[in-house]
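Undergrad: Sequence first, predicted model second:
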Amino acid sequence: MSRPLITILDDEPEIRTMLADALEDAGFDTLSFGRARSFEAALAKHTPDVCLVDLSLPDSDGLALVHRLALEQGAIVIIISGRAEVQDRVTGLELGADDYIIKPFEPAEVVARIRARLRGSKQAKTPGDTAHFNGWTAHFDRYMLEDATGSETPFSHAEGEVLRLFLDAPKRLISRVQMQESLGGAASESFDRAMDVRISRLRTKLREDPKNPQLIKTIYGAGYIFLGDVSWS
């Protein structure tokens, strides 16, 4: 069985070495980059399972790169940054990152977070795993929503985790606590705001009326209910 590939993008050589050593000892393969340009060039040849991305890059806007990775690569994206402000964490999660780790950190924490995300990814992305609901088809193998006419709209890995949670439990209340436990986030204001943004984006992609959504209903003070009729193939 092939080892998961983790890419590390950080302009500090010491951090790249520390992460690569810890991850390879834990059973992962790694590729390390100090510049966004070389990292993006490598994506043409390699398909990482997880991308570790520093926001403070000398040749690129790290947040813009995170957004492109989330939508185009389908990889799990974990930000590693010295920016500790709540707004930085919220912005990173809103743009599609799956997790946010603040420097300084323990390598063992990064390994644990990656393993948790990969476990969730196996549930959310199974080859050939396709859900059908109310004229829509969700292709989790390629992160794509398809409407009844065949028109397609991409969704990010992070959005896919939330969508899968709804589709696995249609017409059942899903509380914030259940979302936090299922998606592996820490209970916090930034987690709640990130969930709000991901659900809002899913509603937009499903062409829901924001004032009166018919599929993803908010039960104020309790959580959410997905009201579609779901089948899997």
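TA: Thanks, I have it. Numbering: from 1, shown residues only.
Undergrad: Count the residues that sit near R83.
TA: By other CB atoms under 10 Å, the residues close to R83 number 18. C-beta coordinates here come from the backbone N, C-alpha and C atoms, glycine included.
Undergrad: so what's it closest to, chain neighbours aside?
TA: Nearest residue to R83, sequence neighbours excluded (CB to CB, 6 or more residues apart in numbering): L55, at 6.0 Å.
Undergrad: Any figure for the gap between the one you found and L65?
TA: L55 sits 9 Å away from L65, taking CB to CB, to the nearest Å as the criterion.
Undergrad: can you check A148 too?
TA: Counting by CB to CB, the gap from A148 to L65 is 34 Å.
Undergrad: In terms of neighbours, single out the busier of the two.
TA: Neighbour count, other CB under 10 Å: between A148 and L65, L65 has more, with 21 against 9.
Undergrad: Please list all residues in contact with the residue nearest in space to the middle of the chain.
TA: By CA atoms, centre = their mean, the mean C-alpha position of the chain lies nearest to A158, the distance being 2.8 Å. By CB atoms under 8 Å, 6 or more residues apart in numbering, the contact set of A158 is A70, V77, L93, G96, A97, D98, A194, R198.
Undergrad: got the residue ranges for the strands in this structure?
TA: 5-9, 29-33, 50-53, 76-81, 99-102, 130-133, 136-139, 144-146, 152-154, 173-175, 216-219, 223-226, 230-232 (DSSP state E).
Undergrad: okay if I get the ones you listed as a markdown table plus mean neighbour count and distance to E181?
TA: Formatted as a markdown table, the strands of the chain follow (neighbours: other CB atoms under 10 Å; distance: least, CB to CB, whole Å):
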| stretch | mean neighbour count | distance to E181 |
| --- | --- | --- |
| strand 5-9 | 24 | 25 |
| strand 29-33 | 18 | 29 |
| strand 50-53 | 25 | 21 |
| strand 76-81 | 24 | 18 |
| strand 99-102 | 20 | 15 |
| strand 130-133 | 18 | 22 |
| strand 136-139 | 18 | 22 |
| strand 144-146 | 18 | 26 |
| strand 152-154 | 14 | 27 |
| strand 173-175 | 15 | 9 |
| strand 216-219 | 15 | 18 |
| strand 223-226 | 20 | 12 |
| strand 230-232 | 14 | 21 |
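Undergrad: would you list those strands in a markdown table and tack on mean pLDDT?
TA: A markdown table is the format used below for the strands of the chain (pLDDT from 0 to 100):
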| stretch | mean pLDDT |
| --- | --- |
| strand 5-9 | 96 |
| strand 29-33 | 97 |
| strand 50-53 | 94 |
| strand 76-81 | 91 |
| strand 99-102 | 90 |
| strand 130-133 | 94 |
| strand 136-139 | 95 |
| strand 144-146 | 93 |
| strand 152-154 | 89 |
| strand 173-175 | 92 |
| strand 216-219 | 93 |
| strand 223-226 | 93 |
| strand 230-232 | 92 |
